[in-house]
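J.: build me a structure from this.
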Amino acid sequence: MKVSSKKIASGVGWVAVSSLGNQGLRLVVKLVLARLLLPEDYGLIGMAVIFTNLIKMVSEFGMGAALIQRKEEELTEDHYITAFWTNIGVALIGYAIAALILSPIAVWFYDEPELGSLLPVIAISIVLDALYLIPKVKLSRQLEFRPQAIINIIAVIIAGGISIYLAFAGWGVWALAFNSIIVSVVSGILYFIQVRWVAPISFSKPAFMDLFSFGGYVLIERIFYFLTNNIDYLLIGKLIGKEALGLYTLGFILTDTFRSKVMNIFNKVLFPAYSSMQSDGKELKKYYLGIVHLNANVLIPIMVIFIALAKPIILIGFGEEWLGAAAPLRVLSLSVIIHAISGTVSTVIKSTGRADLIVKVNTVLTLLVTVPAIAIGAIWFGIVGAAWGVVVYKTIGLMVYQHYIQKIIGVPFIELLGKVYRPALASTLAGTIAYLWSTSTNLNTMAVLILGGLFIVALYGIYLYLFEKQLINKLINMIKRKK
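T.: Model (predicted):
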């Protein structure tokens, strides 16, 4: 079944509502919590979630991606049932490993005794998330993202409100720890109400092998992706300490986490959409380049604002005790701009059934580029050096993946640059002027942030009006069709 452009547009719209709503609400919660908590609290959570998120990712076993990638005629109810019980079984085993094995290892590795009680509690969400994976998959396959948007936003509001209350009540780091558990509980209840799907006790070995033939590669790819994107947390926490990790975490949340949320808007919709057009190379190329162009127009100007106004953003938004996050914020923003150039490259490759290729590439990049670059940077230059290590591996990763995307769907690097160079130039001009002005003016910090931000937005708005009318018209038509 080929997915229509109208269905894709509708899906993108609702995933945008979900992701931007989530991101905005989460940012508000983090702003409040940062005022109530300390960098050390965020550092402790950063240390703990490295272990729990790895187990959480493994527990899915790649089944969700495999179910979405399969064509409609290739799936039976046995596939869903088998995937559900596989995830539950692996999640329970994963929780036991996290609580009984990884918890004491984390305490030993970081020399932080509080992780011994934090990790088992945070790990509860591993099992909770497995309970509603299949309802999410069913909705995603149908490109039904409106109910998912509503569920996600409700869960974030409830969890954020409780976390802020706990922080006010003096719970410290536990206000952050309970946040993910509350999100999982609320999401699970709402997904069950929406889908009304209950798995009977059954297991099909043929269905398992069919899904794992693809999901196994996805699992390995995600493990290496996770290690690549969390090795900085691991090394900073070990080599520099929890306060430095807390400062770095804030920079990462504002930049790379924001990038992943924006790109997730498209990945959630485009993985099933790409999969439906996997035999049509021209169609794949068209959608891929379109998303690269849209990514560039969204992410690059936002990251330039972070680069130009990092210091006032941190001071006004989070307080003076977080000022050490300004330097890594600038560098990590640059890494996001580099990442934005590649667009949804891994999603395109996976949708064509080449998850094995991503595994091979990520294995080499992780071992030969990511670990050495971030380790050397962290050891010699602290959290700023680690951030520059991220820039190095993002740059090399862009070049490697571009080689394969050209082979698979025929997109040369020069054509890719053609979609991003104008947004990059316009953003750089606006950001450079704003930065130079902000460092020479005598205005107070709040005025610098407001006026500098407005200047970048206004100048980029002029660029959009003069040079991106076609993109704006497409977005307006998408909104009209959605209405």
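
J.: every contact and neighbour count from this point should use C-alpha atoms.
T.: Fine.

J.: now for this protein, the helix or strand with the poorest mean pLDDT.
T.: The helix or strand of the chain with the poorest confidence is helix 258-276; it has a mean of 58 (mean pLDDT, DSSP states H and E).

J.: check which element follows it along the chain.
T.: helix 281-308 (DSSP states H and E).

J.: that next one - contacts with which helices or strands?
T.: If you count contacts as 3 or more Cα pairs under 8 Å, 6 or more residues apart in numbering; DSSP states H and E, helix 281-308 packs onto helix 258-276, helix 326-342, helix 345-351, helix 371-409, helix 421-438, helix 445-467.

J.: which helix or strand lies directly C-terminal to the shortest one?
T.: Stepping forward along the backbone from helix 345-351, the first helix or strand reached (DSSP H and E) is helix 355-365.

J.: buried residues, that following helix. List them.
T.: Within helix 355-365, the residues scored as buried using 16 or more other Cα atoms under 10 Å are Ala355, Asp356, Leu357, Ile358, Val359, Val361, Asn362, Thr363, Leu365.

J.: which residue is the nearest non-sequential neighbour of the last one?
T.: Meaning Leu365. In space, and not counting its chain neighbours, Leu365 is closest to Gly397: 7.1 Å by Cα to Cα, 6 or more residues apart in numbering.

J.: I'd say Leu398 and Ile338 touch.
T.: Yes. Counting by Cα atoms under 8 Å, Leu398 does reach Ile338; the two are 7.5 Å apart.

J.: between these two, which contacts overlap?
T.: Counting by Cα atoms under 8 Å, 6 or more residues apart in numbering, Leu398 and Ile338 have no shared contacts at all.

J.: any idea which helix or strand carries Val49?
T.: helix 39-60.

J.: number of nearby residues for Val369?
T.: 20 (other Cα atoms under 10 Å).

J.: which SS class is it?
T.: State at Val369, reduced to three classes by DSSP: H, G, I helix; E, B strand; the rest coil: helix.

J.: show me the contacts for it.
T.: Going by Cα under 8 Å, 6+ apart, Val369 touches Val392, Tyr393, Ile396.

J.: what about the second one, distance to Ser140?
T.: What it means is Tyr393. 31 Å (Cα to Cα, to the nearest Å).

J.: tell me which of the two has more neighbours.
T.: Tyr393 (24 against 20).

J.: surely that one and Ala375 touch.
T.: No. Under the criterion of Cα under 8 Å, Tyr393 makes no contact with Ala375, lying 11.9 Å away.

J.: give me the phi and psi angles of Ala123.
T.: With angles defined as degrees, to the nearest 10, Ala123 sits at phi -70, psi -10.

J.: roughly how far does the closest residue to it other than its chain neighbours sit from Lys394?
T.: Nearest non-adjacent residue to Ala123, counting by Cα to Cα, 6+ apart: Thr52, 5.5 Å away. As judged by Cα to Cα, Thr52 and Lys394 stand 24 Å apart.

J.: could you do Gly43 as well?
T.: 24 Å.

J.: can you tell me the SS state at the residue lying closest to Leu464 once chain neighbours are set aside?
T.: Distances taken as Cα to Cα, 6+ apart place Ile472 nearest to Leu464, at 7.7 Å, with adjacent residues excluded. The three-state assignment at Ile472 reads helix, by three-state DSSP.

J.: tell me which residue lies nearest the centroid of the protein.
T.: Central residue of the chain (Cα atoms, centre = their mean): Ser260, 2.9 Å from the mean position.

J.: contact partners for it?
T.: Counted by Cα under 8 Å, 6+ apart, Ser260 has zero contacts.

J.: ok so, going back, closest to Ile97 among the contacts of Val369?
T.: Tyr393 (30.5 Å; Cα to Cα).

J.: next, count neighbours for the nearest residue to that closest one once chain neighbours are set aside.
T.: With Cα to Cα, 6+ apart as the measure, Thr370 is the residue that lies nearest to Tyr393, at 5.4 Å, once sequence neighbours are left out. By the measure other Cα under 10 Å, the count of residues near Thr370 is 26.

J.: distance-wise, check Thr370 relative to Tyr95.
T.: For Thr370 relative to Tyr95 (Cα to Cα), the value is 28 Å.

J.: same question, Phe192
T.: Distance from Phe192 to Tyr95, by Cα to Cα: 22 Å.

J.: out of these two, which sits in the busier spot?
T.: Tyr95 (25 against 15).

J.: state the distance from the spatially closest residue to that one that is not a sequence neighbour to Ile153.
T.: Using Cα to Cα, 6+ apart and skipping the chain neighbours, the partner closest in space to Tyr95 is Ala123 (6.0 Å). In this view, Ala123 and Ile153 are 22 Å apart by Cα to Cα.

J.: who are the contact partners of the residue nearest to Val336 when sequence neighbours are not counted?
T.: If the residues on either side of it in the chain are set aside, Val336 comes closest to Asp256, at 6.0 Å by Cα to Cα, 6+ apart. Asp256 sits next to Leu332, Ser333, Ser335, Val336 when contact means Cα under 8 Å, 6+ apart.

J.: my read: the last one touches Phe258, true?
T.: Think Val336. No. At 9.1 Å, Val336 does not count as touching Phe258 under the criterion of Cα under 8 Å.

J.: neighbours of Leu466, how many?
T.: Count around Leu466 with other Cα under 10 Å applied: 9.

J.: would you mind measuring from the residue nearest to Val336 to Ala99?
T.: 28 Å.

J.: picking that back up, can you count the residues close to the residue nearest to Leu365?
T.: Applying other Cα under 10 Å, I find that Gly397 has 21 neighbouring residues.
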